[in-house]
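K.L.:
need a 3D model of the following:
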Amino acid sequence: MLPNANNNYTCTCEKETDAIQRFFHRPFFLSVTIGIPFCVFKLLFGLTAIRKGEPDNLLLWVFGVLVIVWATTDLLMNAGRSALDLLHHTAWFEYCIIAQAGRIFQKPMVFLAIDTLLTFVIVCAMLWSGWITYLTPFESYLWYAATTMNLVSLSLVTIYHEIQTV
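P.N.:
Numbering: from 1, shown residues only. Prediction:
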């Protein structure tokens, strides 16, 4: 009787573990905790570049506009994947425009990693250049929210994976 109770407990835990693992891999979770925060970083970087480029540096201004177009496209793609996931549909597109381009080479995940690297470079550029100080109070709160969402979710996933190895 006791072994059966223990086996039932094990099965229940395994089911819960599988459900948690599946949740961490769902497009909704990935978009909300990684993709959308990355879009916020890109958007704020683009806005700051536009501000810094006006009126003297047209090249920096155009660069800022291009970053905003990139960020907005990625935001729409993440929102679309998230919405389709909530509706239990599979998306026919990637999380971002760079990963979408990676489909041409059948390597969307490699290109998604490149997008991640570029986003981290943007975060570093905002911090090391001092441009972060040019954000309005509202924009600063957006930056804080994106950072919090991204780092807390990373920590939760890491804790979960470490518990699994025990």
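
K.L.:
which helix or strand contains the spatially closest residue to Phe105 that is not a sequence neighbour?
P.N.:
The spatial neighbour of Phe105 that comes closest, neighbours along the chain excluded (CB to CB, 6 or more residues apart in numbering), is Phe111 at 7.7 Å. C-betas here are computed from N, CA, C, even on glycine. Taking DSSP states H and E as the criterion, the element that holds Phe111 is helix 108-129.

K.L.:
now the helix or strand that that helix is followed by: buried residues?
P.N.:
Moving toward the C-terminus from helix 108-129, the next helix or strand (DSSP H and E) is helix 137-165. By 16 or more other CB atoms under 10 Å, the buried positions in helix 137-165 come out as 139, 142-143, 146, 149-150, 153, 157.

K.L.:
how about those residues in a markdown table, adding pLDDT and distance to Thr33?
P.N.:
Below are the buried residues of helix 137-165 laid out as a markdown table (pLDDT from 0 to 100; distance: CB to CB, whole Å):
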| residue | pLDDT | distance to Thr33 |
| --- | --- | --- |
| Glu139 | 98 | 20 |
| Leu142 | 98 | 15 |
| Trp143 | 98 | 16 |
| Ala146 | 97 | 10 |
| Met149 | 95 | 6 |
| Asn150 | 94 | 6 |
| Ser153 | 92 | 3 |
| Val157 | 86 | 9 |
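
K.L.:
with respect to Ile163, which of the residues you listed is nearest?
P.N.:
The closest of the buried residues of helix 137-165 to Ile163 turns out to be Val157 (CB to CB; 10.9 Å).
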